[in-house]
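Novice: Build me a structure from this.
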Amino acid sequence: MSHSPTTDTYSVIVFKPDRQLMWGSLLCEWSILFPITDIKIIHSSDGRWIEHYALHVGKDFYLNLVDFMTEGYSLRFRAWGDVDKIRAFALLTRKRGYCEGPDNIIHASENWIEAQREWKVWSEN
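Specialist: Okay, here's the model as predicted:
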């Protein structure tokens, strides 16, 4: 499911490893609300996740988060539109009972600058 973006801004979305059986229904919801592109299943070493989560270096949950993200596969894509609205929907997804804290089901870029930085991490070979 991929649409042509109608805006120049996007957020990097990552469905995290612990809820893989929910990815399909979540992806369907997301594709209805936002144009999505660049869908890819990823499995990465610590290095790429350390770079991705650079914003959280020094926070008490940071090392556990990186460990958690390397445990399995994740699904990443870009959701196009207002980054604040995209982030708000990601937070709503978390609150619907899918977990809270660093091992929640979804990551969304904090802002447009972070989205660009995160995309660079994942678009490199």
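Novice: okay, and the helix or strand of this structure with the least pLDDT?
Specialist: Least confident element among the helices and strands of the chain, by mean pLDDT, DSSP states H and E: helix 46-52 (a mean of 75).
Novice: Centre of the chain to that helix, how far?
Specialist: 13 Å (C-alpha atoms, centre = their mean, to the nearest Å).
Novice: Do a quick rundown of the helices in this structure.
Specialist: Along the chain, the stretches classed as helices by DSSP state H are 23-33, 46-52, 62-69, 83-93, 112-123.
Novice: And those: which comes nearest residue 40?
Specialist: helix 112-123 (7.8 Å; C-beta to C-beta). The C-beta positions use only the backbone N, C-alpha and C, and glycine is treated the same way.
Novice: before we move on, the earlier item: mean pLDDT lowest for which of the helices of the chain?
Specialist: Ranked on mean pLDDT, the bottom entry among these is helix 46-52, at a mean of 75.
Novice: quick revisit: any chance of the helices of the chain in a markdown table with distance to residue 17 and mean neighbour count as columns?
Specialist: Converted to a markdown table, the helices of the chain look like this (distance: least, C-beta to C-beta, whole Å; neighbours: other C-beta atoms under 10 Å):
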| stretch | distance to residue 17 | mean neighbour count |
| --- | --- | --- |
| helix 23-33 | 10 | 14 |
| helix 46-52 | 11 | 17 |
| helix 62-69 | 7 | 17 |
| helix 83-93 | 16 | 17 |
| helix 112-123 | 15 | 16 |
